[in-house]
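*Asks:* no FASTA, just this:
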C-alpha cells in the first residue's frame, strides 16, 4: 500500500466528526453517497454552493489522497460515516499529531490511514508548497517528504497486517469460534433481553 | 496477583482469546442498538449470510432520528421514517427485542439500559454511540464503537481490542449549593482538554463521587468521551446495588445475592496503580458553562471569556479565536448576562427523573422569559411516566416550557428539534460542536439548574442568585 499525493491542509485542532459529516446526514441506511456530505457545513454555503475559500473546494484538493489536519482529529461521535465520507472523497490517509480513539479504529477498518507525526514534522508538512507531494508507504510505515526525508509513523501491527494482506477482521474473529464457545460455557451473570 | 484497578479486573474477566500480534478478543455482555449506526451492520450480516450470535444479549431502541412528538403520528421526515422502519425490520429478521417508537420501554439508549436493569456491574457494554460510557456509572466497562464493530459484535459477541491506559479522576470534597454532577465533568474536561483522556479509561473516585446518586454518576460518566476517554467508570457500591434492585432485568432471589457478592469484588484493589491521576476539589467547584465549540472550552459561569491574544500556542490560539468567532463572542468579556434564545433540557447526559426534578425545582411557580423557547425532553417513556406521576409536566407547562416525547432530540438535531442559525441555547446535552444543535446554532453546555435559570431570565445566569 504505497501512494503519492499532494497534501490538503486543514490545520485546525479538535476537528470533530460532526464537522466531518453533520448528524443530519446520518439518516441514511447506506454506506454510500457520502462524499458530497464531507465537511458539508464548512464546504457549502446556505444555498448549497461551494465556498471558494474552503480547501476542499480548491484545485489542490482534487485528486489528493492525504488530509493534513490539526491535533485530536475525529473527536466526538463514533459515527463511522466520518471515514466513509473521507474515503469516498478520495482520502487514503489523514496526518495529524493525534487522533481520537474511536475515529482511529473506524478509519483502520476502512483502509484510511491515521498517521501520527511529531509536531515538528507536522509543522514542516504545513510549510510545503501547494503542489508538493509526499509518499506514504504502509509496509515501511513511512512518509517521504519532497526533500527525501523519511519519517516513520506508528500503526497497530494487526491493522497493518489486515490492510496489507487483505485480512477481514470479522472473518478473523469468526475463526475463533471454539474459543468463544468455551468462554460462553462458563460465563456467569448473564442477562436475557428476550425474557 | 498484584493489585488491580476495576478497569483491569473487568478486562481480565472478558478475555476470550489472546494471540501474539493481534489485539485481545474481548467478550461483550450487552450490546445496545439504535437506528442510526446499525443499518449498515445488519446489511453486512445479510451480505455474509450471518446470524446474530446472541440476540439474548442484544437490545434495540429508536432514539436518535426519532421525533419527540406524539408517537401515534407518523414520522414526517421520510428518510428518518425509513431508518426507523429499517430498525424494526432488522430486529424482526434477526430476532432482537426492540423497544421502538410506541413501546412503553422506548427511550434514549443510555437511559433505558440502566433503568431496565440491563446494565449491571462487571459487564462489558457496547453500542454504536460514543456516549455508551454512561453505563460505566454502574461499574460496567462500557464504550462506543463504530458500525464495523457493531457488525462484529452482532455476529460474534466479541470485539478485537487493545488495552487502554488507566486514568484516575479523584474528586474529593462536597459540592456546594447550585453545583452539580454536570459541573464536575465540565470542570474535568476544561482541566484536561477534549483530548486529555485519549487512549485511556477514566475511573472516577473520591468522596464527591461516592456522594453522587446513580443518575448523577451517569451524568459524569456520560461525558467521559468529551475528555477523550472511550470509557469512564465508578466502582459499584451500595448506591449502585440499591439502584439496580427490583428493576425488570435485575437478578432476583438467590441470583441477586450471588450477583451482589460478585459485584463487591469489583472495586479497585488497595494500592492499584494508575497510568495517570488528576484531582478535583469539589469544594471549590462553581457552576460551569462552555463558551466555545468543543466541550473542553468550559469555565466557571462567573469567569471571563479567554482572550486569544494571550494564548501562546498558535493552533490553540486559532481554535479559541475560531470558536469565539463562531459563537460571536468577545474575548475578555463575561458570559453572564448573554442573551439566550433556546433552553434544552434533555439528552443522555441530563434527561433522567432527577434532572427533571432539579429543573422543575427552580421553575416551579415561575414563568420562563417570554423571549426563550424551552424544550424539556424526558429520556425515556419510563422517565416520562414517573415525571407525570409527580406532576412535573404541569410545572413545566405552567412555566411556559414545551414538554415532549422521549428521544435524543436537540442534542443531535437529527429529528427536527433544532436551533435556527445564529440562535444561542443553554443546553444540558454533551456537545457544543459547530452546528451540533442545528446548522449555525450556538450552544452553551450547562447543568439542568443552570439551564432552568437561563430559561427564567433569558440570559446566561448564575443559578446561585436564584436559589
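*Replies:* Received the coordinates, thanks. Being a predicted model, the structure only gives us computed values, none of them experimental. Numbers count the residues shown, from 1 in each chain, chains lettered A, B, ... in the order given.

*Asks:* any idea which helix or strand carries the residue nearest to residue B:244 when sequence neighbours are not counted?
*Replies:* Counting by Cβ to Cβ, 6 or more residues apart in numbering or on different chains, the nearest residue to residue B:244 once its immediate chain neighbours are dropped is residue B:250, at 4.9 Å. In this view, the C-beta of every residue, glycine as well, is placed from N, C-alpha and C. Following DSSP states H and E, there is no helix or strand that holds residue B:250.

*Asks:* burial measure for residue B:250, as a count.
*Replies:* 18 (other Cβ atoms under 10 Å in any protein chain shown).

*Asks:* what pLDDT is listed against it?
*Replies:* pLDDT, residue B:250: 98.

*Asks:* contact partners for residue B:426?
*Replies:* Taking Cβ atoms under 8 Å, 6 or more residues apart in numbering or on different chains, we find residue B:426 in contact with B:289, B:340, B:342, B:343, B:344, B:444, B:446, B:450, B:451, B:454, B:455, B:460.

*Asks:* among the residues you listed, which lie within strands?
*Replies:* Judged by DSSP state E, the contacts of residue B:426 include B:289, B:342, B:343, B:344, B:444 as members of strands.

*Asks:* hmm, which of those residues are the buried ones?
*Replies:* Among the ones in strands among the contacts of residue B:426, those classed as buried by 16 or more other Cβ atoms under 10 Å in any protein chain shown are B:289, B:342, B:343, B:344, B:444.

*Asks:* for the third one, give its distance to residue B:244.
*Replies:* From residue B:343 across to residue B:244, the span is 32 Å (Cβ to Cβ, to the nearest Å).

*Asks:* and for the second one?
*Replies:* Using Cβ to Cβ, residue B:342 is found at 35 Å from residue B:244.

*Asks:* redo the buried ones among the ones in strands among the contacts of residue B:426 as a markdown table? Include distance to residue A:35 and pLDDT.
*Replies:* Converted to a markdown table, these look like this (distance: Cβ to Cβ, whole Å; pLDDT from 0 to 100):
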| residue | distance to residue A:35 | pLDDT |
| --- | --- | --- |
| B:289 | 37 | 98 |
| B:342 | 33 | 98 |
| B:343 | 37 | 98 |
| B:344 | 32 | 98 |
| B:444 | 33 | 98 |
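
*Asks:* list the residues that contact the residue nearest to residue B:244.
*Replies:* Counting by Cβ under 8 Å, 6+ apart, residue B:250 has contacts B:117, B:120, B:244, B:256.

*Asks:* state the distance from the second one to residue B:201.
*Replies:* Using Cβ to Cβ, residue B:120 is found at 18 Å from residue B:201.

*Asks:* next: the third one.
*Replies:* Plainly put, residue B:244 is 22 Å away from residue B:201 if you go by Cβ to Cβ.

*Asks:* neighbour count: these two, which is higher?
*Replies:* Between residue B:244 and residue B:201, counted using other Cβ under 10 Å, residue B:201 has the larger neighbour count: 29 against 25.

*Asks:* for that one, phi and psi?
*Replies:* Note on residue B:201: backbone dihedrals following degrees, to the nearest 10 are phi -120, psi 130.

*Asks:* just checking, it touches residue B:163?
*Replies:* No. Between residue B:201 and residue B:163 there is no contact, the gap being 9.2 Å when judged by Cβ atoms under 8 Å.

*Asks:* which strand in chain B runs the most residues?
*Replies:* Per DSSP E, chain B has its longest strand at strand B:165-172.

*Asks:* remind me what the longest strand seen in chain A packs against, helices and strands.
*Replies:* Counting residues, the longest strand found in chain A (DSSP E) is strand A:2-10. Taking 3 or more Cβ pairs under 8 Å, 6 or more residues apart in numbering or on different chains; DSSP states H and E as contact, the helices and strands that strand A:2-10 lies on are strand A:66-69, strand A:93-96, helix A:119-126, strand A:133-137.

*Asks:* ok, back up a step: closest one of the buried ones among the ones in strands among the contacts of residue B:426 to chain A?
*Replies:* Using Cβ to the nearest Cβ, residue B:344 is the member of these that sits closest to chain A, with 14.8 Å.

*Asks:* was I right about that closest one contacting residue B:428?
*Replies:* Yes. Taking contacts as Cβ under 8 Å, residue B:344 lies within contact range of residue B:428: 6.6 Å.

*Asks:* for the nearest residue to residue B:249 once chain neighbours are set aside, grab phi and psi.
*Replies:* Nearest residue to residue B:249 in three dimensions, chain neighbours excluded: residue B:117, at 4.1 Å (Cβ to Cβ, 6+ apart). Note on residue B:117: its backbone torsions stand at phi 80, psi 10 [degrees, to the nearest 10].

*Asks:* go on, residue B:15?
*Replies:* phi -70, psi 120.

*Asks:* ok, now which ones touch it?
*Replies:* By Cβ under 8 Å, 6+ apart, the contact set of residue B:15 is B:24, B:25, B:26, B:27.

*Asks:* and these as TSV, adding pLDDT?
*Replies:* As requested, these are arranged in TSV below (pLDDT from 0 to 100):
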residue	pLDDT
B:24	98
B:25	98
B:26	98
B:27	98
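
*Asks:* contacting chain A as well, which ones from those residues?
*Replies:* Filtering these for proximity to chain A by Cβ under 8 Å from any Cβ of the partner chain leaves B:25, B:27.
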